[in-house]
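Asker: Structure, please.
(2 chains, ligands or ions: 1)
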Amino acid sequence: MGKTFSEKVLSAKSGKDVRAGDIVTVSPDYILSHDNSAAIIKKFRMFGVERVSRPEKIVIVLDHVTPASSEKYAQNHKEIREFVKEQGLSHFFDINNGICHQVFCEQGFALPGKLIVGSDSHTTSYGSLGVFSAGIGRTEAASVWATNEIWLRVPETIKIELSGKLKPGVSAKDVILKIIGDNGADRANYKAVEFIGPAAQEFSISSRFVLCNMAAEMGAKNGYFPADKTVEEYLSSITGEKIEPVCSDEDASFESVLSYDLSLIGPQVACPHTVDNVKPVSEVEGLAFDQGLIGTCTNGRLEDLKEAASILKGKKIAPSVRVIVVPASRQEYLKALREGVMETLIEAGCVVLNPGCGPCLGAHQGVLAPGERALSTANRNFRGRMGSRDSEIYLASPATVAASAVGGKLCDPRKYL
Amino acid sequence: MKKGRVWKYGDDVNTDVIFPGKYTYTPMEPEEMASHALEDLDSDFASQVRENDVIVGGRNFGCGSSREQAASCLKYAGVQAVVAQSFARIFFRNAVNQGLPVIISEEAPDRLEKGEEVSIDFQRNEIITQRARIPFAPLPDSVQKILDAGGLVPYTKKKIGRDKS
Ligand code: SF4
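Answerer: Residues are numbered from 1 along each chain as shown, chains lettered A, B, ... in the order given. Predicted coordinates:
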């Protein structure tokens, strides 16, 4: 019988013929961490070892609280910079680069068929480029730094077949919210999610990123699109490395197959306080909110900023709301600047922050007060995630957030098409 | 082989009832962590558990959040192993990495009774009761080695020591 993508990658890496359910010990190609590197360094020191095993495999991006918002965070960053120097780590990206997952892809570390682990749950994002990538814990990350190996269970695979054409005003974010809402936040626990079918191939890299990023919110270990021409074209501008795509065999065994016709999906919103509490926008229309957020690793790329700008062009956001825009990376920021997208957003009344995680995790730059409500393009709406435990977060697409900002109330973006 | 008693629970025992979320950001000594183990599922557990007792669950044991404490509080409470029909991904990883043995068995949870005495033969891969010997599939070698070392931190330390010498 044939093999799934995950079975193939983990067989190749472990040098054994493995199947779903087997456990392998492997050396990842790269290991990513961010501001939490300071905590990983502490764990690493506990091993009583002086040097990391493979410095060239360690990628560190400072993004979570950048620039540092307090003495504590500043100290955190300082410890990381010192460690980078001490260990001679060359893949270090300081605060001027952007969100770790976006930067990781831009820098050419994410290549089809590679095995990547990261000390962040949204490491699943690189599946957009045909990578096997999974999130791990901090102790585990420290252990990989020290030993260059980790044990992984080979996941079963859920295949999600996408067909049909998206309607105007509807985007990848609505698709993944719909899928998570239908199937639940633990449907893909310990499993791989493969996005396939004619409509999957139509998706841009940026849109694929959205789906793989949020596969983590279904509990998935990894999510991925088979690497195709679109991936090849994207990567050819980044790296000269030869690309060797890995794809599931036709006769591989899948845990289940789900099918979605994209033409039937409308704008969606995830209501507090779980990502699977999803409703069509029409059911919550008219809800007032205080803060809009356009950005984060989920929706902070040029494609998303453009989507928002196309609605906000020539309009002003309502005086009752504030809208924060955080580009995912310096590169995406520059592209948006050059295309005049940022100008449109600023003219509409948005506040633009430096590329990074910004308010996504409630640490700085737009924290919510008790009783406030946010409408955000991020990937999580857990209680207290953006500040007060008594605030609420609704998740939606950039188009929905932009359209809603105009009237100050949640609304269907198709109204402005 | 160590003898202990069975504590039996059902399907979907989640990490919130194993170790309540409200304590996750409070630094705690092992003893105090043990005193909150299974607090919201079985209020007798923490006060009555004895060294080497065994927890038996159904499907999807340890579902929910990624907190490492859900595994370590059971270990600190003296639990010698958790037996279940299946485990949630992160709990399974955390248990192994914290040095808490996990046994996956379709039949054992049905055949074990609350309060009965059991011992576990990790050499022969058998759960032994007064009435029966229930075999279970061994864990893969690489995982067993981490458990044998007592968890990922001691394992990594040992491995580094070996690699150096
Ligand atoms: S933007 Fe938000 S979800 Fe993405 S890496 Fe940063 S904190 Fe995590």
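Asker: Pull out the buried residues from stretch A:67-79.
Answerer: Neighbour counts over stretch A:67-79 (16 or more other Cβ atoms under 10 Å in any protein chain shown) mark A:A68, A:Y73, A:N76, A:H77 as buried. Bear in mind the C-beta positions are built from the backbone N, C-alpha and C, glycine included.
Asker: touching chain B at all, that stretch?
Answerer: No - shown here: stretch A:67-79 not in contact with chain B (Cβ under 8 Å from any Cβ of the partner chain), separated by at least 14.6 Å.
Asker: need the residues of chain A near chain B, please.
Answerer: Applying Cβ under 8 Å from any Cβ, one finds that chain A approaches chain B through A:22-25, A:43, A:46-49, A:121, A:136-137, A:139-140, A:142-143, A:146-147, A:151, A:153, A:186, A:189-190, A:219, A:221.
Asker: rewinding a little: and the buried residues of stretch A:67-79, which two are the farthest apart?
Answerer: Using Cβ to Cβ, the buried residues of stretch A:67-79 span at most 7.4 Å, a distance reached by A:A68 and A:N76.
Asker: quick revisit: list buried residues within the residues of chain A next to chain B.
Answerer: For the residues of chain A next to chain B, a burial check counting by 16+ other Cβ under 10 Å picks out A:22-25, A:43, A:47, A:49, A:121, A:136-137, A:139-140, A:142-143, A:146-147, A:151, A:153, A:186, A:189-190, A:219, A:221.
Asker: Just name whatever secondary elements the biggest helix by length in chain B is in contact with.
Answerer: In chain B, taking DSSP state H as the definition, the longest helix is helix B:152-164. Counting contacts by 3 or more Cβ pairs under 8 Å, 6 or more residues apart in numbering or on different chains; DSSP states H and E, helix B:152-164 packs against helix A:37-46, helix A:138-147, helix B:89-98, helix B:141-149.
Asker: One more pass at 6 Å, please.
Answerer: Helix B:152-164 sits against helix A:138-147, helix B:141-149, with contacts defined as 3 or more Cβ pairs under 6 Å, 6 or more residues apart in numbering or on different chains; DSSP states H and E.
Asker: what inclination does it have with respect to helix B:89-98?
Answerer: 60 degrees (axes from the mean of the first three to the mean of the last three Cα atoms, to 10 degrees).
Asker: Which residues does the helix or strand hosting B:V82 contact?
Answerer: Assigned by DSSP states H and E, B:V82 falls within strand B:81-84. Defining contact as Cβ atoms under 6 Å, 6 or more residues apart in numbering or on different chains, one finds that strand B:81-84 is touched by B:V54, B:I55, B:V56, B:G57, B:F61, B:P101, B:V102, B:I103, B:S105, B:A108, B:I120.
Asker: Report how many residues lie close to the fourth one.
Answerer: This points to B:G57. For B:G57, the neighbour count with other Cβ atoms under 10 Å in any protein chain shown is 22.
Asker: That one and A:I116: what is the separation?
Answerer: Distance of B:G57 to A:I116, given as Cβ to Cβ, to the nearest Å: 32 Å.
Asker: Then the last one?
Answerer: Distance of B:I120 to A:I116, given as Cβ to Cβ: 37 Å.
Asker: Could you do the third one as well?
Answerer: According to Cβ to Cβ, B:V56 and A:I116 sit 37 Å apart.
Asker: again with A:R45
Answerer: Relative to A:I116, and taking Cβ to Cβ, A:R45 is found at 24 Å.
Asker: got it, and A:I136?
Answerer: From A:I136 across to A:I116, the span is 10 Å (Cβ to Cβ).
Asker: returning to what we had before: the helices and strands packed on helix B:152-164: which one's closest to the ligand?
Answerer: helix A:138-147 (14.6 Å; Cβ to the nearest ligand atom).
Asker: quick one: the closest one to chain centroid distance?
Answerer: Centroid separation between helix A:138-147 and its chain, computed with Cα atoms, centre = their mean, to the nearest Å, is 22 Å.
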